[in-house]
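In: Below is the structure, and that's it, no one-letter string:
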């Protein structure tokens, strides 16, 4: 539903928070797995994977911290009361 609204040029609203949290955490997990498979060479070598891993660490922060995105999901999608801040 959110994808079709996006393709129609409409706002996707709080559903975008789900995408942001999922993909930013998936990106880190993917790169950590790659570095585990590459072992020490993956950490020491000047490779694309090591650079991309460092960049992936910023994912949960940029475009709204994942903690804030989780609050949006809880309040706007799940209808939970606002948490204490």
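Out: Arrived safely, thanks for sending. Bear in mind the structure is a predicted one, so any value in this text is a computation, not a measurement.

In: drop to CA atoms for contacts and neighbour counts, all remaining ones
Out: Noted.

In: Determine the number of other residues adjacent to residue 7.
Out: Residues lying near residue 7 (other Cα atoms under 10 Å) number 10.

In: how about the helices in the chain?
Out: Along the chain, counting by DSSP state H, helices occupy 2-7, 15-44, 48-56, 66-72.

In: Just the buried positions in stretch 52-67, please.
Out: The neighbour-count check on stretch 52-67 (16 or more other Cα atoms under 10 Å) flags 53, 56-57, 59-60, 66 as buried.

In: between those residues, which is nearest residue 41?
Out: The shortest approach to residue 41 among the buried residues of stretch 52-67 belongs to residue 53, at 13.9 Å (Cα to Cα).

In: Identify the residues contacting that closest one.
Out: Residues near residue 53 by Cα atoms under 8 Å, 6 or more residues apart in numbering: 28, 31-32.

In: Present the residues you listed as TSV; the columns should include distance to residue 22, neighbour count and pLDDT.
Out: TSV is the format used below for the contacts of residue 53 (distance: Cα to Cα, whole Å; neighbours: other Cα atoms under 10 Å; pLDDT from 0 to 100):
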residue	distance to residue 22	neighbour count	pLDDT
28	10	20	95
31	14	20	90
32	15	17	90
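
In: How about residues contacting the helix or strand bottoming out on mean pLDDT in the chain?
Out: When the helices and strands of the chain are compared on mean pLDDT, DSSP states H and E, helix 2-7 comes out lowest with a mean of 78. With contacts defined as Cα under 8 Å, 6+ apart, helix 2-7 is touched by 11-12, 15-16.

In: Out of the contacts of residue 53, flag the one nearest to residue 79.
Out: Looking across these and measuring by Cα to Cα, the closest to residue 79 is residue 28, at 28.7 Å.
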